[in-house]
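Chemist: Pasted the sequence and its predicted model underneath.
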Amino acid sequence: MFELTGLPGRRVARGCAAATVAACGVVLALIGCAGGAMAQSYIVERDISGFGTAGSLSTDGTILRIGIDDCETLIGDEIDLTFEWTVLASAAGESFSVKVGRPYDSADCDTTTTQSNGEAESTDAASDLCFGAVIAETVSGTTISVELDTLEYFGFTTVADCEGTNNDTDVFLILPTTDLTSTTLESDSLQIDLDGVRPVAPTGLSVNAGESTLEIDWDEPSEQDGYTVYVSTSPLVQGTAAAEITGASSDEVTSTSVSFNSGIVADQTYYVGVTVFDAAGNESALSEVVQVTTQQADDFWEYYKGNGGSEAGEFCNTAPARSGLPLALALGLVALRRRGGANA
Amino acid sequence: MPESKHALLPGSTLRMSRGLRQVAALLTLAAALVLAQAASAQVQYLDGGLTPISGALDFKFGPYTPDIDSDPSLGGATPYSTVFGGGGLLSEVVYEHHLWQGIGTASIGFHLGFFSKKADALNADGTRSADATRLSLVPLRLSGVYRFDYLEERFNIPLVLSARVGLDYYFYRVKGGDGTADFSDADGSSTGRGGTHGWHAGATLYFLLDILAPNMARDLDSATGINNSYLFAEFLHADIRDFGADDSWDVGDTTFLFGLGFEL
């Protein structure tokens, strides 16, 4: 356990309520993951209007989602985080005792309360001892960077650990608050949401086959951030993991109704299935599979011509006209030109 | 004689240089005039204007049903109605260039239109397919126009009657599920793209909007060169069947169009 150097026993304000609020505005910036495994930008700016009147962070925007594929990539790698904060002009150039840490899973540190609006809020922890330091430094600037060892931070040892469970944790930036000699601390947090659960496959799939188009519809699931439509001339199997679907054409879409016409030909049997992926990028298994066969259809031209329509589909119709109007017009023009020439 | 557009017409060099501004101001004018107080008590419409008039620009819209099903070679079949079910919206923009002004105005008109209708294709059993089909028409017209604006000029009666007759050429394109439609049978093949000649005649009744907001109309004229603004209704008969050629359909119609017109 790490105690914040030079600030023993001080009160730690946690989360975004910040009634006592910030001596400094805080900006958290997630720069990315080491080795280019992941590149994300993440900035939340705190109100720095003044001591004791600072506003709250927008916690909705303080979530870093890591899906199964990302997690597998990160095993053995690090997540690089950079926290930034802004200080008032009067505090410029001062040094800060800064700690980036994670909360211990301790009942003593679980101080979630309910706000007047009914929303849960994490309030002041009992002490900074509730936080295990990832890094603690005296910083003269306004940024601090930290590398989170994924394996250690999440307790994962193999790629297989990434799938099947959700693992949410917070990373806290802990700063002195009110002023540089304050006896209280201020913290802001970034939630790392390691989402290892795949969404449930869509249901209600229906397909209407035309000659060169498949109209595909399905029900909207409760959790979705997009879909992938799979179309194949070979049978597809419900429940197949997306990574194991081979030989199918696919199209990523965001609506539950699509017209699929890539490579569709008449008189051919197709197998159609859909997957959904969530906000963390996890893709579900394949939905139920619908088998359809395209059939010949008449567009308007085919239907018109098939019923004996005479229009030839030409830009200049040279066929004899029953009407004498064109001839009359032509003769009229010739006569006018001759009259004009005579007058000249 | 009041300050008249007639007096200002000859020899002016202003009319062409203002063309772009005139066009840009048309939509603004339309909205402004609608919002103008129609009940203005001291109504006196702006007779003539501050700037010369060289032509008119009309925007018109109306229902249109190509008379394709009248093709005798169809033997009573109604492919257009069967596939599309009904008509669509014809939109046209017309520029009329004034050639002569005396008792009324004679002009030559250039029309550019657009019509499009989409429906699901038909399966062999008559049910609807997932494939779509679309018929698009781009009518081009050349009109001789006579505008009887004498009553407006002389007696401030805010009505203008015009008649037009002229030649037409309609580009058409039929699209199927995967592009331009085509058809093949023992007699050969054809593509659903081409053009059809024809003629048209029409009559239009214009209502001068300037009487509703004369000051605004005057300001608009001064700023943009738009002299007069009209609401109008037009009767149109278009006979578009290659003047009766044997291998032609008829994409004409007899219909009413409505729109906004501006004398520039």
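Modeler: Received the coordinates, thanks.
Chemist: Check the spacing between the closest residue to residue A:71 other than its chain neighbours and residue A:190 real quick.
Modeler: For residue A:71, ignoring the flanking residues on the chain, the nearest one in space by CB to CB, 6 or more residues apart in numbering or on different chains is residue A:162 at 3.5 Å. Yep, even glycine has a C-beta here, placed from its N, CA and C like the rest. According to CB to CB, to the nearest Å, residue A:162 stands 20 Å off from residue A:190.
Chemist: quick one: the strands in the stretch 51-200 of chain A?
Modeler: With DSSP state E, counting those that start in this stretch as the criterion, the stretch 51-200 of chain A has strands at A:63-66, A:78-87, A:96-103, A:112-114, A:120-122, A:131-139, A:143-149, A:166-176, A:184-195.
Chemist: Surely residue B:55 and residue B:101 touch.
Modeler: No - in this structure residue B:55 lies outside contact range of residue B:101 using CB atoms under 8 Å: 11.2 Å.
Chemist: Neighbour count for those two, which is higher?
Modeler: Between residue B:55 and residue B:101, counted using other CB atoms under 10 Å in any protein chain shown, residue B:55 has the larger neighbour count: 21 against 18.
Chemist: Let me see the contact set for the more buried one.
Modeler: B:95, B:96, B:97, B:98, B:107, B:263, B:264 (CB atoms under 8 Å, 6 or more residues apart in numbering or on different chains).
Chemist: which residues does it form a beta bridge with?
Modeler: residue B:97 (DSSP bridges).
Chemist: isn't residue B:143 right next to residue B:164, touching?
Modeler: Yes - with contacts counted by CB under 8 Å, residue B:143 reaches residue B:164, the gap being 4.2 Å.
Chemist: Distance of the nearest residue to residue B:138 once chain neighbours are set aside relative to residue B:69?
Modeler: Closest residue in space to residue B:138, ignoring its immediate chain neighbours: residue B:171 at 4.2 Å, by CB to CB, 6+ apart. Going from residue B:171 to residue B:69 by CB to CB gives 20 Å.
Chemist: What number of residues are in the vicinity of the nearest residue to residue A:261 once chain neighbours are set aside?
Modeler: Residue nearest to residue A:261 in three dimensions, not counting chain neighbours: residue A:213, with 4.5 Å by CB to CB, 6+ apart. By the criterion of other CB under 10 Å, residue A:213 has 23 neighbours.
Chemist: Up against chain A, what does the stretch 1-150 of chain B have?
Modeler: B:68, B:71, B:73-75, B:77, B:79-80, B:82-84, B:119-124, B:129-135 (CB under 8 Å from any CB of the partner chain).
Chemist: In helices only, show me these.
Modeler: Of the positions in these, B:79, B:80, B:82, B:83, B:84 sit in helices, assigned by DSSP state H.
Chemist: the helices in the chain, which residues?
Modeler: In the absence of a named chain, chain A is used. So, for chain A - with DSSP H - the helices run A:68-74, A:150-154, A:300-306, A:325-343.
Chemist: switch to chain B, that's the one I care about
Modeler: B:5-8, B:14-17, B:19-35, B:79-84, B:150-155, B:214-224.
Chemist: Spit out the contact partners of the most centrally placed residue in chain B.
Modeler: Chain B has residue B:92 as the residue nearest its centroid, 3.7 Å off, counting by CA atoms, centre = their mean. With contacts defined as CB under 8 Å, 6+ apart, residue B:92 is in contact with B:58, B:59, B:60, B:61, B:111, B:112, B:113, B:114, B:139, B:257, B:259.
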